[in-house]
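K.L.:
A structural model of the following input is requested.
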Amino acid sequence: MTDDYIKHQYAPILPEKDEWPVVRLSKSRKEFIQQVVASSNEKIKNLTGNQVPALKEELEITLYRERMRIKQNPWLVDPDDEASFWAGVKTSLLSVGVDQKLTEAEKKERYLAILTAITQRYSEEIASNFKHSHYKMTRRIVTFGFSRLLNTARVKGFKSIFSNQYSLQDKIQIIGETDQLRDLASKGTIVMVPTHFSNLDSILIGWTISTLGLPPFIYGAGLNLFNIQIFAYFMNALGAYKVDRRKKNQVYLETLKTYSREAIQFGCHSLFFPGGTRSRSGNIESKLKLGLLSTAIEAQRANFQNNPDNPGKVFIVPVTINYHFVLEAPGLIRDYLNHTGQERYYSESDEFSTSYKISKFLVKFFTKGSDISVSIGRAMDILGNYVDEQGNSRDRHGRSIDCRDYFVSNGKVTVDLQREEEYTKKLGTRIVEEFHKINRVFSSHLVAFTAFRLIKRANSKLDLFSLLRVPEEDIHLSYETFNDACGEVLDGIRQLRAEGKLHMAPHLEMPLEEIIRHGLENVGMYHAKRPLIRTEQGHVVTEDISLLYYYHNRLDGYELDKII
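P.N.:
This next block holds a predicted model:
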């Protein structure tokens, strides 16, 4: 990686929309959904041993969990017929159970019909609704809207608002292995796996994909985003498939995984957040959700089975998204602390999730000098080996590897779920390693990390939750101490960069005094209570130590705490 970032819009690698895999998929949407339903049913049958009692039990568990979800956690985006559908499932299950005349084969047939109705409903809900005309319009709206906000913030006068004096690429900086990504997108199927900190990530990644001249990706977006009108419009237009984290039953999870696997096999470039949800703590994800990740491995194995002479290669591309501040940080860290601290931590609710507040945030963001960067990592195969510009896998010594060998048993490619589970774990570990390598450290990360570690050092006898209960007015750092510590941590960051263990934003090359000023201006700049400020008396204080902890966590995992 270099400090250079993309300053232009790339030409599309597939100029004709009919060449886009996602367009071909949308044209065969109905047939594709039926394929997902059939494959999901087969997977459930295999998991239940194709036995009637086990299949019945799985359906009853699904019904119970879905009725509890409807009762305890309804969302506006839920279909109007949700309750009636599951009431129908209950009636159908009861009718099979009480009919004494049914043979075992007839019971299985009836249960499979119920299963099909459920997987059909799930598949229809999950499936994307990509439309090229909507995608084209949405891309223009996002680019125009962001650009106008940016130029309005920096240029006075009505006429200047519609100038292109400031590039959006200057504000949202794309760095890293962009050329390799473009090359490989023409040679195989890309599975992009970004870090996840904000609900803005989906739109941001969509804009990045467009800027790099790549065809649209399909990607999993949390169904909760469709509760928010502005996000619902963009998600639908961009072709997101829906992921409902409330649904924990096996039938839904297998249907979701099947959709992802079949789409990758179809050749659709895919994107999903392997952390599963936004990072509540502010840390770079260290433990990934392996469900969807496993579908990339399953798709690669299926490609070797179905097309032995010309198997499509699946490439894994890690991406880190770097912000100075995160819109939802107060609610996210509160969720994290409530979950980990349980009764030891208490806070009042202050969450916001409306289109108005999101729009207000965008205006706030673009009227400040804060930046975002999107760091594209080196592509890997499904075992986490780097690949070269031709897409060939290489081991750590640079020797060529044939991925097919990973799936061969007794001379042929075979299905081995236990083996593929281990491969998925290995791939997850490699992605986490790459997240940390391509993470781009900002000045805000530096000052937040340093300040929190100094506060922790001054209260070394307190555990985390006791420390977070210390009144903010009792916490202050002398600027001299803070300045010296920032310098020491910065030296540690530079050493890590020299070792290839992280990346640094160019503004960290400024004089230390300027770096600290820049960091204090940007860290948590949107929030009503700032995590870190410098007082007129020259002290460095916090107005919200929990928020400071959140922003500090971005540099957790690098062992920089040993410096302080």
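
K.L.:
what kind of secondary structure is residue 373 in?
P.N.:
Residue 373 falls in the strand class when you classify it by DSSP: H, G, I helix; E, B strand; the rest coil.

K.L.:
my guess is it meets residue 440, correct?
P.N.:
Yes. Assessed by Cβ atoms under 8 Å, residue 373 is found in contact with residue 440 at 5.0 Å. All C-beta atoms are positioned from the backbone trio N, CA, C, and that covers glycine.

K.L.:
can you pull the domain assignment for this protein?
P.N.:
Annotated domains of the chain cover 21-126, 129-438, 440-562 [automatic domain parsing].

K.L.:
out of those domains, nearest to residue 5?
P.N.:
Of all those, domain 129-438 sits nearest to residue 5, with 3.8 Å by Cβ to Cβ.

K.L.:
state the mean pLDDT of the closest one.
P.N.:
Averaging pLDDT along domain 129-438 gives 84.

K.L.:
cool, and stretch 553-564?
P.N.:
Mean per-residue pLDDT for stretch 553-564: 94.

K.L.:
one step back: shared neighbours, residue 373 and residue 440?
P.N.:
Shared contacts of residue 373 and residue 440, defined by Cβ atoms under 8 Å, 6 or more residues apart in numbering, are found at 175, 322, 505.

K.L.:
chain center to the strand or helix carrying the second one: distance?
P.N.:
With the criterion set as DSSP states H and E, the secondary-structure element containing residue 322 is strand 313-323. Here the centre of mass of C-alpha atoms in strand 313-323, compared against the chain's by Cα atoms, centre = their mean, to the nearest Å, lies 10 Å away.

K.L.:
what's the answer for stretch 50-63, then?
P.N.:
The chain centre lies 32 Å from the centre of stretch 50-63; the measure is Cα atoms, centre = their mean.

K.L.:
ok, back up a step: check which helices and strands the strand holding residue 322 sits against.
P.N.:
Packing partners of strand 313-323 (3 or more Cβ pairs under 8 Å, 6 or more residues apart in numbering; DSSP states H and E): helix 178-185, strand 188-194, helix 201-211, helix 290-306, strand 372-376, helix 417-438.

K.L.:
CA atoms only for that strand, dumped as PDB, please.
P.N.:
What follows is strand 313-323, C-alpha atoms only, in PDB (Å, rounded to 0.1, in the frame of the first residue of the first chain):
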ATOM      1  CA  LYS A 313     -12.000 -18.900  -9.100                       C
ATOM      2  CA  VAL A 314     -13.300 -17.200  -6.000                       C
ATOM      3  CA  PHE A 315     -11.200 -14.300  -4.600                       C
ATOM      4  CA  ILE A 316     -11.500 -12.900  -1.100                       C
ATOM      5  CA  VAL A 317     -10.700  -9.200  -0.800                       C
ATOM      6  CA  PRO A 318     -10.500  -7.700   2.700                       C
ATOM      7  CA  VAL A 319     -11.400  -4.000   3.100                       C
ATOM      8  CA  THR A 320     -11.200  -1.600   6.100                       C
ATOM      9  CA  ILE A 321     -13.300   1.500   6.400                       C
ATOM     10  CA  ASN A 322     -11.700   4.200   8.400                       C
ATOM     11  CA  TYR A 323     -13.600   7.100  10.000                       C
END
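
K.L.:
how far is the next helix or strand after it from where the chain is centred?
P.N.:
Downstream of strand 313-323, the first helix or strand assigned by DSSP H and E is helix 329-341. Taking Cα atoms, centre = their mean, one finds helix 329-341 lying 18 Å from the centre of the chain it belongs to.

K.L.:
go on, stretch 207-221?
P.N.:
The answer for stretch 207-221 is 13 Å, by Cα atoms, centre = their mean.

K.L.:
output that stretch as PDB, nothing but the C-alphas.
P.N.:
C-alpha atoms of stretch 207-221 as PDB (Å, rounded to 0.1, in the frame of the first residue of the first chain):
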ATOM      1  CA  TRP A 207     -19.900   4.200  -4.200                       C
ATOM      2  CA  THR A 208     -16.400   2.700  -4.000                       C
ATOM      3  CA  ILE A 209     -17.300  -0.200  -6.300                       C
ATOM      4  CA  SER A 210     -18.800   2.200  -8.800                       C
ATOM      5  CA  THR A 211     -15.700   4.600  -8.600                       C
ATOM      6  CA  LEU A 212     -13.400   1.600  -9.400                       C
ATOM      7  CA  GLY A 213     -15.400   0.800 -12.500                       C
ATOM      8  CA  LEU A 214     -16.500  -2.600 -11.200                       C
ATOM      9  CA  PRO A 215     -19.900  -4.000 -12.000                       C
ATOM     10  CA  PRO A 216     -22.400  -3.900  -9.100                       C
ATOM     11  CA  PHE A 217     -22.000  -6.400  -6.300                       C
ATOM     12  CA  ILE A 218     -24.700  -8.200  -4.500                       C
ATOM     13  CA  TYR A 219     -24.400  -7.800  -0.800                       C
ATOM     14  CA  GLY A 220     -26.200  -8.600   2.400                       C
ATOM     15  CA  ALA A 221     -27.700  -5.600   4.200                       C
END
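
K.L.:
what pLDDT is listed against residue 16?
P.N.:
87.

K.L.:
measure it to residue 26 for me?
P.N.:
Distance of residue 16 to residue 26, computed by Cβ to Cβ, to the nearest Å: 15 Å.

K.L.:
who's more crowded, these two?
P.N.:
A count of neighbours by other Cβ atoms under 10 Å puts residue 26 above the other of residue 16 and residue 26, at 21 against 9.

K.L.:
tell me how far that one lies from residue 20.
P.N.:
Taken as Cβ to Cβ, the span from residue 26 to residue 20 is 9 Å.

K.L.:
and residue 77, by the same measure?
P.N.:
Applying Cβ to Cβ to residue 77 and residue 20 gives a distance of 27 Å.

K.L.:
quick one: which of these two has more around it?
P.N.:
Legend: neighbour count by other Cβ under 10 Å for residue 77 and residue 20, higher for residue 20 (22 against 15).

K.L.:
show me what contacts that one?
P.N.:
14, 132, 215-216.

K.L.:
let's see it at 7 Å
P.N.:
Neighbouring residues of residue 20 by Cβ atoms under 7 Å, 6 or more residues apart in numbering: 14, 215-216.

K.L.:
got a PyMOL select line for the buried ones in these?
P.N.:
Under the burial definition 16 or more other Cβ atoms under 10 Å, those of the contacts of residue 20 that qualify are selected in PyMOL by:
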select buried, resi 215+216
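
K.L.:
can you lay out the contacts of residue 20 as a markdown table showing secondary structure?
P.N.:
As requested, these are arranged in a markdown table below (three-state DSSP):
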| residue | secondary structure |
| --- | --- |
| 14 | coil |
| 215 | coil |
| 216 | coil |
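
K.L.:
circling back: and which of the shared contacts of residue 373 and residue 440 is nearest to residue 316?
P.N.:
Closest to residue 316, out of all of the shared contacts of residue 373 and residue 440 and judged by Cβ to Cβ, is residue 175, at 18.7 Å.

K.L.:
tell me the SS of the residue nearest to that closest one when sequence neighbours are not counted?
P.N.:
Nearest residue to residue 175, sequence neighbours excluded (Cβ to Cβ, 6 or more residues apart in numbering): residue 5, at 4.7 Å. Secondary structure assignment for residue 5 (three-state DSSP): coil.

K.L.:
number the residues from 16 up from this point.
P.N.:
That works, and once the first residue is 16, the last one we named lands at residue 20.

K.L.:
okay, now residue 20: neighbour count?
P.N.:
Around residue 20 there are 18 residues (other Cβ under 10 Å).

K.L.:
and residue 24, which of the domains of the chain is closest to it?
P.N.:
It is, among the domains of the chain and with distance given as Cβ to Cβ, domain 144-453, at 5.7 Å.

K.L.:
can you pull up the most central residue in this protein?
P.N.:
residue 288 (2.6 Å; Cα atoms, centre = their mean).

K.L.:
is that one in a helix, a strand, or coil?
P.N.:
Applying three-state DSSP: residue 288 is coil.

K.L.:
that one and residue 211 touch, don't they?
P.N.:
Yes. The criterion here is Cβ atoms under 7 Å, and residue 288 meets it with residue 211 at 3.9 Å.
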